[in-house]
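*Asks:* Build me a model:
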Amino acid sequence: MNTENPASATTDLRNTFMEEKAFRSRTVLVFGAITDVSAADTVRRLLALDAESSDPVQMLVSSPGGHLESGDAIHDVVRFISAPVNMIGTGWVGSAATHLYLAAPKERRFCLPQTRFLIHQPSGGAGGPATDISIQAQEIIKARERIARMIARETGQSLETVMMDIERDRWLSAEQAVVYGLVSRIVERRSDV
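*Replies:* Numbers count the residues shown, from 1 in each chain. As a prediction, the model looks like this:
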């Protein structure tokens, strides 16, 4: 806690209080870019909540995405723990965030009415010698195929449809995401989950 600046110390206390309330309510927030740091924090919370109880965990997601492998870590841990996870999209759920969102079974995937979803193929900034660029390009192609298979499996869409849909950015409203199979239903209140 910051003892030099009273305003900062007050903010630190308020944040700690809010974190404790979120933990007690079995709620995990994934907001902002997905990085190795945010993934580690999310995984730590999921493991702690799972160790405490097998009651459902509410995970609210509003993220443009980020690092695919960091999203993989969250995705895999959601499936690894015993406690069921209710995914609740809000704001926007894009790219790697959509990947981690799809970790929950369809019946546990919800979103608020204004949520927008984005699916697309992975991208990368290849650099270095030609042989390294070639290796990176092959890895991006493998990641694209893996993501497409996962989206197809979790939505019921054919692999061919998903491969075409992720060729470019594909935006979906909450209603379109339900039709596509990303979301089971749109909710407006916590009691709807």
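*Asks:* Please parse the protein into its domains.
*Replies:* Per the record, the chain has its domains at 6-120+169-192, 123-166, by automatic domain parsing.
*Asks:* ok, of those domains, where does mean pLDDT dip lowest?
*Replies:* Among the domains of the chain, domain 123-166 has the lowest mean pLDDT, at a mean of 86.
*Asks:* sorry, back to before: out of the domains of the chain, which is the most enclosed?
*Replies:* Neighbour counts (mean count of other Cβ atoms under 10 Å) averaged over each of those peak at domain 6-120+169-192, with a mean of 17. (C-beta placed from N, C-alpha, C; glycine too.)
*Asks:* Would you pull up how far that one lies from the middle of the chain?
*Replies:* How far domain 6-120+169-192 lies from its chain's middle: 5 Å, per Cα atoms, centre = their mean, to the nearest Å.
*Asks:* go on, stretch 151-168?
*Replies:* Stretch 151-168 sits 18 Å away from the centroid of its parent chain (Cα atoms, centre = their mean).
*Asks:* Was I right to think residue 172 contacts residue 111?
*Replies:* No. Counting by Cβ atoms under 8 Å, residue 172 does not reach residue 111; the two are 10.1 Å apart.
*Asks:* counting contacts, what elements does the longest helix along the chain pack onto?
*Replies:* Secondary structure of the chain read by DSSP state H shows that its longest helix is helix 130-155. Judged by 3 or more Cβ pairs under 8 Å, 6 or more residues apart in numbering; DSSP states H and E, helix 130-155 is in contact with helix 96-101, helix 159-165.
*Asks:* Could you rerun that using 7 Å?
*Replies:* Packing partners of helix 130-155 (3 or more Cβ pairs under 7 Å, 6 or more residues apart in numbering; DSSP states H and E): helix 159-165.
*Asks:* Using PDB, list the CA coordinates for the helix it packs on.
*Replies:* Taking Å, rounded to 0.1, in the frame of the first residue of the first chain, the C-alpha atoms of helix 159-165 are listed here in PDB:
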ATOM      1  CA  LEU A 159     -15.200 -26.000 -40.300                       C
ATOM      2  CA  GLU A 160     -15.500 -24.700 -43.900                       C
ATOM      3  CA  THR A 161     -17.900 -21.900 -42.700                       C
ATOM      4  CA  VAL A 162     -15.600 -20.900 -39.900                       C
ATOM      5  CA  MET A 163     -12.500 -20.900 -42.100                       C
ATOM      6  CA  MET A 164     -14.300 -18.500 -44.500                       C
ATOM      7  CA  ASP A 165     -15.700 -16.400 -41.600                       C
END
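*Asks:* Tell me the first helix or strand C-terminal of that helix.
*Replies:* Moving toward the C-terminus from helix 159-165, the next helix or strand (DSSP states H and E) is strand 170-173.
*Asks:* Contacts for that following strand, please.
*Replies:* Strand 170-173 has contacts (Cβ atoms under 7 Å, 6 or more residues apart in numbering) with 116, 117, 118, 119, 120, 180, 182.
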